[in-house]
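S.K.: sequence and predicted structure, then a few things I'm wondering about:
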Amino acid sequence: MSEKPTRLERTTTDAGAEVAILTFAHGALNLFDQAMFDAVTADVVELVAAPPRALLLRAEGKVVSGGVDVHVFEGLSEAEGTALWEGLFAAIAHPLEALPCPVVFAAHGLTLTAALEIALACDIILASPKAKFGLVETVVGLTPSMGGPQRMAERAGSGRAREFVMTGDLYTAETMREWGVVNQIHEDVDSAARALVARLADGPTRAHAATKEIIGAWRSGGVRHADSVTSAVSGALFETEDLQGAVRSFLDVGPGKATYTGR
């Protein structure tokens, strides 16, 4: 087992855009014990302080994660349990969702509990055909509490989310794609995810951030609320270097030739 349960690396695309890759690397099962939660929290702090132009979350080993180390829950009082979830929302789920860049999750194998809840906080989920997914907290008398049920309901519908959580069953990548949870399935999911992240990083980063902000407004308040913020969020893009340069490129040489700097 590595000294640090995660590894955060930064690279650049051929076009010079910065990509960050956060890898879970914590033994055979990549269990979310306190050390893993602390490591992911520290990585998210670093990403928030210096956002890349795209982020990939992935894992090493046979599985993405076998779930949470149950010792984390042992002996907690009601107040301590509440504080645990409040802290994980504030430290991981919410800042990850709020990153001003595309965030991709690659699931190559079994993806349980906390890892799946983190995946559901990402923008795009890619999976291997062999990947399986589960929120299995019922085995310890718990419900997923890092945002899994509500984010599953957002993607798959409330009825399917209730089935998924209440049964605690494992579901295939193909089922998750049919339900709208997984976006794409690839035999070599790691390569596909890296290629997608590079493509997104080379794109109009400020526009991607605006897309996330508008969809975030819809998530919190519906279509009318999203409409109320869209004009200003999109209007701000007209003063970005990327939009101005892309408009000039389109007019001079046609569509698809623009390059972007993220400014």
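M.R.: It's in.

S.K.: show me where the stretch 51-200 of the chain has its strands.
M.R.: 54-59, 103-107, 111-112, 124-127, 132-134, 171-172, 184-185 (DSSP state E, counting those that start in this stretch).

S.K.: any chance of these in JSON lines with mean neighbour count, mean pLDDT and distance to residue 207 as columns?
M.R.: All C-beta spots, glycine's among them, are computed from the backbone N, C-alpha and C. Listed next are these as JSON lines, based on neighbours: other C-beta atoms under 10 Å; pLDDT from 0 to 100; distance: least, C-beta to C-beta, whole Å:
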{"stretch": "strand 54-59", "mean neighbour count": "26", "mean pLDDT": "98", "distance to residue 207": "13"}
{"stretch": "strand 103-107", "mean neighbour count": "27", "mean pLDDT": "98", "distance to residue 207": "15"}
{"stretch": "strand 111-112", "mean neighbour count": "28", "mean pLDDT": "98", "distance to residue 207": "30"}
{"stretch": "strand 124-127", "mean neighbour count": "25", "mean pLDDT": "98", "distance to residue 207": "16"}
{"stretch": "strand 132-134", "mean neighbour count": "23", "mean pLDDT": "98", "distance to residue 207": "30"}
{"stretch": "strand 171-172", "mean neighbour count": "18", "mean pLDDT": "98", "distance to residue 207": "33"}
{"stretch": "strand 184-185", "mean neighbour count": "17", "mean pLDDT": "98", "distance to residue 207": "21"}
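
S.K.: quick one: which of those strands is nearest residue 32?
M.R.: Judged by C-beta to C-beta, the one of these that comes nearest to residue 32 is strand 111-112, at 9.2 Å.

S.K.: can you list contacts of the closest one?
M.R.: Contacts to strand 111-112, defined as C-beta atoms under 8 Å, 6 or more residues apart in numbering, come from residues 63-67, 119, 131-136.

S.K.: will you turn the strands of the stretch 51-200 of the chain into CSV that also has distance to residue 81?
M.R.: Listed next are these as CSV, based on distance: least, C-beta to C-beta, whole Å:
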stretch, distance to residue 81
strand 54-59, 26
strand 103-107, 26
strand 111-112, 19
strand 124-127, 28
strand 132-134, 21
strand 171-172, 27
strand 184-185, 36
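
S.K.: tell me which of those strands sits nearest to residue 3.
M.R.: Nearest of those (C-beta to C-beta): strand 54-59, 17.1 Å.

S.K.: and that closest one, what does it pack onto?
M.R.: strand 18-24, strand 103-107, helix 113-120, helix 189-201 (3 or more C-beta pairs under 8 Å, 6 or more residues apart in numbering; DSSP states H and E).

S.K.: any chance of CSV for the ones you listed, columns distance to residue 163?
M.R.: Putting those into CSV (distance: least, C-beta to C-beta, whole Å) gives the following:
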stretch, distance to residue 163
strand 18-24, 27
strand 103-107, 20
helix 113-120, 15
helix 189-201, 25
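
S.K.: any chance of the backbone angles for residue 9?
M.R.: Recorded main-chain torsions at residue 9 are phi -120, psi 150, according to degrees, to the nearest 10.

S.K.: show me what it is bridged to.
M.R.: residue 21 (DSSP bridges).

S.K.: coming back round to it: residue 94 is nearest to which of the helices and strands packed on strand 54-59?
M.R.: When the helices and strands packed on strand 54-59 are compared by C-beta to C-beta, helix 113-120 sits nearest residue 94, at 11.7 Å.

S.K.: ok, which stretches of the protein are helices?
M.R.: Applying DSSP state H to the chain gives helices spanning 34-49, 78-88, 94-98, 113-120, 148-156, 158-167, 173-178, 189-201, 205-235, 241-253.

S.K.: in CSV, list these along with mean neighbour count, distance to residue 140 and mean pLDDT.
M.R.: As requested, the helices of the chain are arranged in CSV below (neighbours: other C-beta atoms under 10 Å; distance: least, C-beta to C-beta, whole Å; pLDDT from 0 to 100):
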stretch, mean neighbour count, distance to residue 140, mean pLDDT
helix 34-49, 17, 16, 98
helix 78-88, 12, 12, 97
helix 94-98, 16, 24, 98
helix 113-120, 26, 10, 98
helix 148-156, 19, 14, 98
helix 158-167, 16, 13, 98
helix 173-178, 18, 23, 98
helix 189-201, 20, 29, 98
helix 205-235, 15, 29, 97
helix 241-253, 13, 48, 97
